[in-house]
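[1] I'd like to go over a predicted model; first the sequence, then the structure.
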Amino acid sequence: MALDREQKEEAEVLLMGNEAIARGALEAGVRVAAGYPGTPSSEIIETLSRSSETGKLYVEWSTNEKVAMEVAAAASFAGLRSLCVMKQNGVNVASDFLLHLTGSGTRGGMVLVACDDPGALSSANEGESRHFARLMEIPLIEPADFQEAKEMTRWAFDLSEQIRNIVMVRSVTRMSHASGNVVLGTLPALEGKAEFLCDGPLSDPERGPVVSAPVMAKHRLQQEKLRKAIALFEKSPFNAYSGPEKPELLIITSSACTLYSREAVSRLHAEERAGILKLGTTWPLPPMLLKRHLRKTQKVLIVEEVLPFLEDHVKILAAEQAREIGIKTFYGKNDGALPTVGELNPDLVADAVGRILGIDPPAIPAEYGEKLRRLTEFLPKRDQTFCPGCPHRASYWGIREALQRDHRGGFVCGDIGCYAMATLSQAAGFHTAKTLHAMGSGTGIASGFGKLGPFGMTQPVLAVCGDSTFYHAAIPALINAIHQRADMTFIVLDNGGTAMTGFQSHPGLDVNAMGEAAPMVDIAAICGAMGVPVTIEDPFDLIGTRETLNRLLEEPGVKILILKQSCALSPEKKGKKRFLMRVDDTLCRGEACGCNRLCTRIFRCPGLLWNRERKRAEIDEVICAGCGFCAGICPAGAIRSEEAAKP
Amino acid sequence: MRVNLVKDPYNIVITGVGGQGNVMASRVLSNMLVRKGFKVTIGETFGMSQRGGSVMSHIRVSSASVWSPQIPKGAADLIVALEPIEAIRVLAGYGNPSVKVVVNLRPIYPVGVITGEEEYPSAETIRATVTALAAEARFLAATEEAIRLGNPILGNIIMIGAVAGLGVLPIDREIFERVIRDGMPAARVEGNLRAFAIGEASVALKSPPSQ
């Protein structure tokens, strides 16, 4: 919704968690923001890019998260407030720089926002960024609602300037992509000149060179900063207890789990028996605050998602304070009260609290439950698939046909993007894609497979990578493959944007995150400069793509094919049909054809239907995107395309 | 001035298939309620889940406080389904004897149905199932009405109009118009207003033509 510098102060508006985080950064006077798109974090940089203004706020989509953090750090070194934003695995990518940054310290307030995805709702992992805060010895804060998402982000910049180090704000999908009421605050005047003071000695963190050496001295200084953060955390209003003075059960929680815990207690009507200590500052934990609350009772439940991070640290403090607070019984991950995989919800928390307190959670009437079960079990499942008109479906179809003709059992190493669906749902990629790991890993793995010929491996190896992924992490792996003479076919699925996360710009485009003209860094030119010939095909040209692939599969060394066709959801294509498609009933021979319903059973575009009564294929005109590709797959030539009239 | 809710929090699930305008519908409805002075929490997931998969927005409406972005199982008060079998899928998880359901009857076939591995239930089965499981069930031909308006995506706004027509929430045409005028290019306002009116009218009728 409308969120920019024109938004009225003090207004109460509906904001997505990510918009609230962006607003918090704006209210803190952020000057430079950089990130790499990744669900559930992308809307933060997108929101800020709409507020960007030359000389006031610079916003960029960087090539990857490590570069984003470096770009933001430079602004901090020059005395400006800066922000870097990424999803959980982005922190892994940036972590090498982060390790050194935390040693060198920062100057202008610098905040890292990491958005985790418990339950892997939009990820190939449910890795957690929280653990990095401990590993890197930096403060970690976690908002528990939308107002806090704004307030804590704003405060994170103050905290960073107080301790002269980067501060990590951690969100989760259910916070970043949830929405709620937020009362807006004031926006500061954006002043302050960028200047990097570097004429002092190495030992001077304010005027000297910014380095993590001398290591012991800087490490000691970093740990002093962390102790300063603990002192501030002891008084933080973002840590709050609600419940009876002497509860039977103390729930300690943070982030979205705060809302689940409140709902669980409310559903069990256990407000008089259970109290909730909601922590906003989760690393390092403030020991005095914890001691005050742990004293309240003997039973403690820690509610958090995935691994026991909070639980472990609370237990350490409780052990250290055992003489004063007594011996506790802990419930959480280690005793199995809550699962260590997947996201939580109010039901899972209510079940756990209910078991501890001996209360049955509310249930729907048994008779209705039985009817519900009986009447809903027939439902067909709804698998994820490529959109109608998606060029990836066409690309994988071309790859499938080429591999079938090749007969040597070739396979594709997959990568991160919409095209990862080919690995996650094998039918979506026509059973061609067989590995999926981190950004760029498909290329690195293919480089390794491509050296296994002398060990007897005869299968052709292919790697796919999207255009944004190419810039992010595939280039070093590709250089490696070329230099090591690996045998592999490298395919760029170039759909003209970072499509999966919502069309953020990347270096291959002529526009940047702020909508300004930007030089295009051409993928074919980069590949060509590595000394390998590059072929470009349109994946919608099935025969051309297949023939090229079959030729490349025969050749040794690294071969590069760029399959170029815009995403069906791209602004230039969305809602516009290039072709009007129809099935010619006189040509579709239905079940008598011998194709065994190739179009609907194997090709599986949602725009094609199989009419069971008529035993013929049909086009669903509401769903069909009019790409025209399916006309080329029907062996009877029954799927007809006709150029659509220009609007 | 704020009217009291029939229940607090009032729990709404808007469901459909990625690409049907589920997120837009939940945003518009929630903005109307925020402007009426309520605390609204929406729970959503975007990204991979939108690629042809089932999508759900959980909306919690309260006079007093923020609620969990996930509605507890069996605790929906109103289900708005942009796609018919998604209504049943959500009922399976969040249904209870007092739930109200508004269903757009236009199917979007799952891949498993397209391939012939699974069968899509008949319109009669869908109506009978929803009717048996809901305290009140309304069925609309929202996509067909939207196509007549010139754009199938307006089906989502027709469904929001239907929610207003049910009378369970303190929302009306006037607040809808304010939200739409603030959040949309002027050229699209008229189509949205017409879509809203169609939805509102089709539910207000005792036996609407689409039922």
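    Received, thanks. Numbering: from 1, shown residues only, chains lettered A, B, ... in the order given.

[2] not counting its neighbours along the chain, what's nearest whichever residue of the stretch 151-300 of chain A sits closest to chain B?
    Relative to chain B, the nearest point of the stretch 151-300 of chain A is residue A:178 (3.6 Å; C-beta to the nearest C-beta). All C-beta atoms are positioned from the backbone trio N, CA, C, and that covers glycine. In space, and not counting its chain neighbours, residue A:178 is closest to residue B:69: 3.6 Å by C-beta to C-beta, 6 or more residues apart in numbering or on different chains.

[3] tell me the residues of the stretch 251-400 of chain A that contact chain B?
    A:256, A:259-260, A:262-263, A:267, A:345-347, A:350, A:362-365, A:368, A:371-373, A:375-376, A:378-387 (C-beta under 8 Å from any C-beta of the partner chain).

[4] just the buried members of those residues?
    Neighbour-count burial (16 or more other C-beta atoms under 10 Å in any protein chain shown) applied to those gives A:256, A:259-260, A:262-263, A:267, A:345-347, A:350, A:364, A:368, A:371-372, A:375-376, A:379-380, A:382-387.

[5] restricted to helices, list the residues you listed.
    Cross-referencing those against helices under DSSP state H gives A:259-260, A:262-263, A:267, A:346-347, A:350, A:368, A:371-372, A:375-376.

[6] top helix in the chain by residue count?
    Since you didn't name a chain, this refers to chain A. From DSSP H, the single longest helix across chain A is helix A:215-234.

[7] look at chain B instead
    helix B:186-204.

[8] buried sites along that helix?
    In helix B:186-204, counting by 16+ other C-beta under 10 Å, buried: B:191, B:192, B:193, B:194, B:195, B:196, B:197, B:198, B:199, B:200, B:202, B:203.

[9] who's in contact with the first one?
    If I follow you right, that is residue B:191. For residue B:191, the contacting residues are B:149, B:150, B:151, B:154, by C-beta atoms under 8 Å, 6 or more residues apart in numbering or on different chains.

[10] now a ChimeraX select for only the buried ones of these.
    Only the buried entries of the contacts of residue B:191 go into this ChimeraX selection, using 16+ other C-beta under 10 Å:
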select /B:149,154
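
[11] tabulate the contacts of residue B:191 (JSON lines), appending distance to residue A:332 and secondary structure.
    As requested, the contacts of residue B:191 are arranged in JSON lines below (distance: C-beta to C-beta, whole Å; DSSP: H, G, I helix; E, B strand; the rest coil):
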{"residue": "B:149", "distance to residue A:332": "53", "secondary structure": "helix"}
{"residue": "B:150", "distance to residue A:332": "55", "secondary structure": "coil"}
{"residue": "B:151", "distance to residue A:332": "50", "secondary structure": "coil"}
{"residue": "B:154", "distance to residue A:332": "48", "secondary structure": "helix"}
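
[12] and which of the contacts of residue B:191 is nearest chain A?
    Checking these one by one against chain A (C-beta to the nearest C-beta), the nearest turns out to be residue B:151, at 8.3 Å.

[13] could you check how far residue A:604 is from residue A:383?
    Shown here: residue A:604 relative to residue A:383, a distance of 9 Å by C-beta to C-beta, to the nearest Å.

[14] joint contacts of the two?
    Residues touching both residue A:604 and residue A:383 (C-beta under 8 Å, 6+ apart): A:427, A:428, B:111.

[15] kindly indicate the member of these with the most neighbours.
    residue A:428 (26 neighbours; other C-beta atoms under 10 Å in any protein chain shown).

[16] grab the nearest non-local neighbour of that residue.
    Using C-beta to C-beta, 6+ apart, the nearest residue to residue A:428 is residue A:421, at 4.7 Å.

[17] next, the contact list for the closest residue to residue B:72 other than its chain neighbours, please.
    Spatially, and ignoring its direct neighbours in sequence, residue B:72 is nearest to residue A:346 (4.5 Å; C-beta to C-beta, 6+ apart). Taking C-beta under 8 Å, 6+ apart as the criterion, residue A:346 is in contact with A:259, A:260, A:263, A:264, A:267, B:68, B:70, B:71, B:72.

[18] ok, back up a step: could I get the buried residues of helix B:186-204 as CSV with pLDDT?
    Below are the buried residues of helix B:186-204 laid out as CSV (pLDDT from 0 to 100):
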residue, pLDDT
B:191, 95
B:192, 96
B:193, 97
B:194, 97
B:195, 97
B:196, 97
B:197, 97
B:198, 96
B:199, 96
B:200, 96
B:202, 92
B:203, 89
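
[19] run through the bridge partners of the residue nearest the centre of chain B.
    By C-alpha atoms, centre = their mean, chain B has its centre lying nearest to residue B:80, at 2.9 Å. Counting by DSSP bridges, residue B:80 is bridged to residue B:14, residue B:102.

[20] isn't it right up against residue B:161?
    No: assessed by C-beta atoms under 8 Å, residue B:80 is found out of contact with residue B:161, at 10.9 Å.

[21] helix/strand/coil for residue A:605?
    Look at residue A:605: counting by DSSP: H, G, I helix; E, B strand; the rest coil, its state is coil.

[22] so what's the residue nearest to residue A:178 up against?
    A:174, A:175, A:178, A:256, A:259, B:41, B:42, B:43, B:44, B:58, B:60.

[23] tell me which of the residues you listed fall in strands.
    Of the contacts of residue B:69, the ones assigned to strands by DSSP state E are B:41, B:42, B:43, B:58, B:60.

[24] top of the residues you listed by neighbour count?
    With neighbours taken as other C-beta under 10 Å, the top of these is residue B:60, carrying 29 neighbours.

[25] excluding covalently adjacent residues, which one is nearest to it?
    residue B:67 (3.8 Å).

[26] residue A:533 now?
    Once flanking residues are discounted, residue A:533 sits nearest to residue A:560: 7.2 Å by C-beta to C-beta, 6+ apart.

[27] and the host helix or strand of that neighbour, which strands flank it?
    In this structure, residue A:560 sits in strand A:558-564 according to DSSP states H and E. According to DSSP bridges, strand A:558-564 has the following sheet partners: strand A:488-494 (parallel), strand A:534-537 (parallel).

[28] could I get these as JSON lines with mean neighbour count?
    Formatted as JSON lines, these follow (neighbours: other C-beta atoms under 10 Å in any protein chain shown):
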{"stretch": "strand A:488-494", "mean neighbour count": "27"}
{"stretch": "strand A:534-537", "mean neighbour count": "17"}
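
[29] domains of chain A?
    Chain A breaks down by automatic domain parsing into domains covering A:12-190+A:201-234, A:240-357, A:391-564, A:579-643.

[30] how long is the first one from one end to the other?
    Start-to-end span of domain A:12-190+A:201-234 (C-alpha to C-alpha, to the nearest Å) is 30 Å.

[31] hang on, residue A:356 packs against residue A:337?
    Yes: between residue A:356 and residue A:337 there is a contact under C-beta under 8 Å: 7.2 Å.
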